[in-house]
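Peer 1: coords below, sequence missing:
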């Protein structure tokens, strides 16, 4: 679908190319997960959830980390671009954090015999999800308030403190959640090199997918903000013209068209 | 549900969720396109008004 500028209506041309790269990488990762990698001896076929579950967790942490960084820059410099970046990162982070919780639950049912347990890693991940759900609800409910960006930035920074807690939770507390990439003994838990290769490709695929979605959302938020400003300017111009200032109005229109 | 069903459900949910988010983004973009057209119409109305005055 093309707009009048000859670009895809979903976003500029870079989005199409990045989208194509995403499709190729995700297809490659799926081929490796379902065809290339051997079946794990103890857990069987359901262990293949792992190859997207772990990259989704990494991307969720990266996205929420970006919310905190962008929030800090927004508080420091006050530029709306950082606020838009934080919002786009929070939305995409919520998507991947939700996928971590859902795929983890689907993996836990056949292996642990339960959909959910109040394990330290699961609980801290749910807390992270709830914190950023609160962040997005704050943004949605108080969108018109001028200080919402600053409030959301503070929430985003505070909530990110949960990320290192999740990462070290399997070492801090007794837990049934496995530590696979680096085991509790400090070794890596994937013995077969094909498993490592598949995990690396899945990491690349999910990361590129996240960056693509993030850039699309960020681009839409920036465009929406510019259109709102333009709409405000146009309303002001209309008001001036209605006050019988046609000469001044014509000058403004000439400036805008340049 | 056997283990294959859990695997199928997990990957189906992943790609369904991503597809829904892309549809959400596409709808947002469509809304922006219509807002842009509305602003262009308003601008041309003002131009016409000025040209007549």
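Peer 2: Nice, thanks for sending it over. As the structure is a prediction and not an experimental result, all values here were calculated from the model.
Peer 1: Is the helix or strand hosting residue A:73 positioned near chain B?
Peer 2: Assigned by DSSP states H and E, residue A:73 belongs to helix A:50-77. Yes. Shown here: helix A:50-77 in contact with chain B (CB under 8 Å from any CB of the partner chain) through A:52, A:53, A:56. Every residue, glycine included, has its C-beta placed from N, CA and C.
Peer 1: Adding distance to residue B:16 as columns, could you present these in JSON lines?
Peer 2: Below are the residues of helix A:50-77 next to chain B laid out as JSON lines (distance: CB to CB, whole Å):
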{"residue": "A:52", "distance to residue B:16": "13"}
{"residue": "A:53", "distance to residue B:16": "16"}
{"residue": "A:56", "distance to residue B:16": "14"}
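Peer 1: And those residues, which is closest to chain B?
Peer 2: Of all the residues of helix A:50-77 next to chain B, residue A:52 has the smallest distance to chain B: 5.8 Å, by CB to the nearest CB.
Peer 1: give me the number of residues near the closest one?
Peer 2: Residues near residue A:52, counting by other CB atoms under 10 Å in any protein chain shown, number 25.
Peer 1: can you check residue A:215 too?
Peer 2: That count, for residue A:215 with other CB under 10 Å as the rule, works out to 18.
Peer 1: any idea of the mean pLDDT in the helix or strand it falls within?
Peer 2: Applying DSSP H and E as the criterion places residue A:215 in helix A:193-242. The average pLDDT within helix A:193-242 is 91.
Peer 1: Next, the angle helix A:50-77 makes with that helix.
Peer 2: With axes from the mean of the first three to the mean of the last three CA atoms, to 10 degrees applied, the angle from helix A:193-242 to helix A:50-77 works out at 40 degrees.
Peer 1: what's around the closest residue to residue B:21 other than its chain neighbours, how many residues?
Peer 2: With sequence-adjacent residues excluded and distances taken as CB to CB, 6 or more residues apart in numbering or on different chains, residue B:21 is closest to residue A:95, at 5.5 Å. Per other CB under 10 Å, the neighbour tally for residue A:95 reads 22.
Peer 1: Contacts only, for residue A:95.
Peer 2: A:213, B:17, B:18, B:21 (CB atoms under 8 Å, 6 or more residues apart in numbering or on different chains).
Peer 1: residues touching the second one, list them.
Peer 2: So that's residue B:17. For residue B:17, the contact set (CB under 8 Å, 6+ apart) comprises A:95, A:98, A:99.
Peer 1: Any chance of JSON lines for these, columns secondary structure?
Peer 2: Listed next are the contacts of residue B:17 as JSON lines, based on DSSP: H, G, I helix; E, B strand; the rest coil:
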{"residue": "A:95", "secondary structure": "helix"}
{"residue": "A:98", "secondary structure": "helix"}
{"residue": "A:99", "secondary structure": "helix"}
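Peer 1: would you list these in CSV and tack on distance to residue B:50?
Peer 2: Formatted as CSV, those follow (distance: CB to CB, whole Å):
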residue, distance to residue B:50
A:95, 47
A:98, 52
A:99, 53
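Peer 1: now the residues you listed as JSON lines including pLDDT and distance to residue A:122?
Peer 2: Compiled in JSON lines, the contacts of residue B:17 are given as follows (pLDDT from 0 to 100; distance: CB to CB, whole Å):
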{"residue": "A:95", "pLDDT": "98", "distance to residue A:122": "19"}
{"residue": "A:98", "pLDDT": "98", "distance to residue A:122": "14"}
{"residue": "A:99", "pLDDT": "97", "distance to residue A:122": "14"}
